[in-house]
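*Asks:* Pasted the sequence and its predicted model underneath.
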Amino acid sequence: MNKEENTYYKNSPKFGRKGPSKLRQQFNRGMTYFLVIVACILVYFAMLRVEAISNTLSKILAILKPVLYGCGIAYLLNPIVKSVDAYLVPVLEKHMKKKEKAKKVSRSIGVIVALVILITVVSTLINMLIPELITSIRNLIFTLPAQINQLVKEINNIQLDDSTTTAVLKNAMNEASASLQKWMRTDLLDKVNEVMTHLTVGLYTLIMEMFHAVIGVIVSVYILFGKETFINQSKKAAYAIFPAERANLLIHIAVKTNEIFGGFIIGKMIDSIIIGILCFIGTSILKMPYAMLVSVIVGVTNVIPFFGPYIGAIPSAVLIALADPMKGIYFLIFILLLQQFDGNILGPKILGNSTGLSAFWVIVSILLGGGLFGILGMLFGVPTFAVVYYIIKLLLDNQLEKKKLPTDSDCYNGDSYVDNDGTYFQKRDDGAETEEQKIEKNKEEKGE
């Protein structure tokens, strides 16, 4: 008897099977009112303490920065781990009796492969980029003032007519040249000292960020090993907190968000790396100055959709033009051709239609994200806006389905309409009505 009782009480009890009493219903209604009032009061006081709350959140984010890095690294490495699991798990299950052990072995191999690829890519980029970047920046610092002076002299030596406009232009150029030389002799030195002062702080910040990144790599290993557990716990919480219908909707949106962000970010990174490599090969063949520096700028800014190529190309063209004006023009032509290749061939092959947004909404999302959150907003604005766009479309389609109306936007062209009874009508290409519409009209005429 005691054994049966112990077994019974070890199981989770069933509760809430009967409907709530009237007293309970009144209590729940009063509690709802009370919670609404408390929420309004809390929002009011939160608005009065926005700065304090913002500082607290900033401190929490700074403390959790290694965890955030770990989540980001795990997200980028997850496709590699999934690919290894998809290949190894079926093979290992044939040779191992326990399937769980086969999955653990496959996951361990997948995480190791992902880390090796990450370390190899980072080490290769550092060994290739850092020396070339240092050389390019050093040459830029030593040669830029002389190049500016030479450019000003060449402009001044241009033979023009003796009109009033020419005299004004020459005076403007002389004043600009004098101001530039004065700035380089006086203000530039102060700016260099200021930069050197900030360089120490920047070096400390860089070291701390690298330290956080290393810890983030360690955190990412634990995330990759336990990602199924985290997903299961999240689904469990969703079904516990929300009704089944809303929980399923939230899970669907989460899956779609992962699909949009994963396809866009990873695809854009691959696309930008390829564009950077092609830019370096092209500028090296054309023997342009600052080839590595320019290629890094073009590759990094290419991550930003639409505006990225122009953001990177313009300053790069100016740098090259200071050394050789004709090569600056050649570089602009080369970048134009490269971006046409990227926009029409390479980009669609890698990205496809990962966001589902038209060009207009891409521009809107970049401008809005960049205006609110800067560079990060320009980078993540497109997939974020794509998720919002998808949610709105999902809600609108759901309402249309309830009204038994088509969800395709093309169905609402100039030849279609919905009458006051909620019936959809659309003419065929030859102008005639469909059979369904004829039946509806006959019913209306007969008064059915």
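*Replies:* That came through fine.
*Asks:* where do the strands sit along this protein?
*Replies:* In the chain, the strands defined using DSSP state E lie at 416-418, 424-426.
*Asks:* can you put those in JSON lines and add mean neighbour count and mean pLDDT?
*Replies:* Glycine gets a C-beta too; all of them are placed from N, C-alpha and C. Below are these laid out as JSON lines (neighbours: other CB atoms under 10 Å; pLDDT from 0 to 100):
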{"stretch": "strand 416-418", "mean neighbour count": "13", "mean pLDDT": "77"}
{"stretch": "strand 424-426", "mean neighbour count": "17", "mean pLDDT": "76"}
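*Asks:* Please name the residues that touch the most centrally placed residue in the chain.
*Replies:* With distances taken as CA atoms, centre = their mean, the residue of the chain nearest its centroid is F380 (2.8 Å). Contacts here follow CB atoms under 8 Å, 6 or more residues apart in numbering; on that basis F380 touches I265, G369, F373.
*Asks:* 6 Å instead, please
*Replies:* F380 makes contact with no residue, according to CB atoms under 6 Å, 6 or more residues apart in numbering.
*Asks:* With Y239 instead?
*Replies:* A247 are the contacts of Y239 under CB under 6 Å, 6+ apart.
*Asks:* now the residue nearest to the centre of the chain: how far from E245?
*Replies:* 30 Å (CB to CB, to the nearest Å).
*Asks:* ok, now how distant is the residue nearest to the centre of the chain from L372?
*Replies:* For F380, the distance to L372 - CB to CB - is 11 Å.
*Asks:* Just the buried residues of stretch 218-225, please?
*Replies:* Within stretch 218-225, the residues scored as buried using 16 or more other CB atoms under 10 Å are V219, S220, V221, I223, L224, F225.
*Asks:* I'd like to know which of those is nearest to A240.
*Replies:* I223 (22.7 Å; CB to CB).
*Asks:* Make CSV out of the strands of the chain and add distance to T257.
*Replies:* Below are these laid out as CSV (distance: least, CB to CB, whole Å):
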stretch, distance to T257
strand 416-418, 32
strand 424-426, 32
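*Asks:* With respect to K104, which of those strands lies nearest?
*Replies:* Taking the strands of the chain one by one with CB to CB, strand 424-426 is closest: 54.9 Å.
*Asks:* In terms of secondary structure, what does that closest one contact?
*Replies:* strand 416-418 (3 or more CB pairs under 6 Å, 6 or more residues apart in numbering; DSSP states H and E).
*Asks:* Tell me the strands beside the strand it packs on, with direction?
*Replies:* strand 424-426 (antiparallel) (DSSP bridges).
*Asks:* Need the residues that contact the partner strand.
*Replies:* L405, S416, Y417, V418, Q437.
*Asks:* now do stretch 49-65
*Replies:* Contacts of stretch 49-65 (CB under 6 Å, 6+ apart): H212.
*Asks:* Try it again at 8 Å.
*Replies:* Contacts for stretch 49-65 (CB under 8 Å, 6+ apart): A46, L68, H212, G216.
*Asks:* Stretch 344-357 now?
*Replies:* Residues contacting stretch 344-357 (CB under 8 Å, 6+ apart): 259-260, 263-264, 267-268, 270-271, 274-275, 362, 365, 382-383, 385-386, 389-390.
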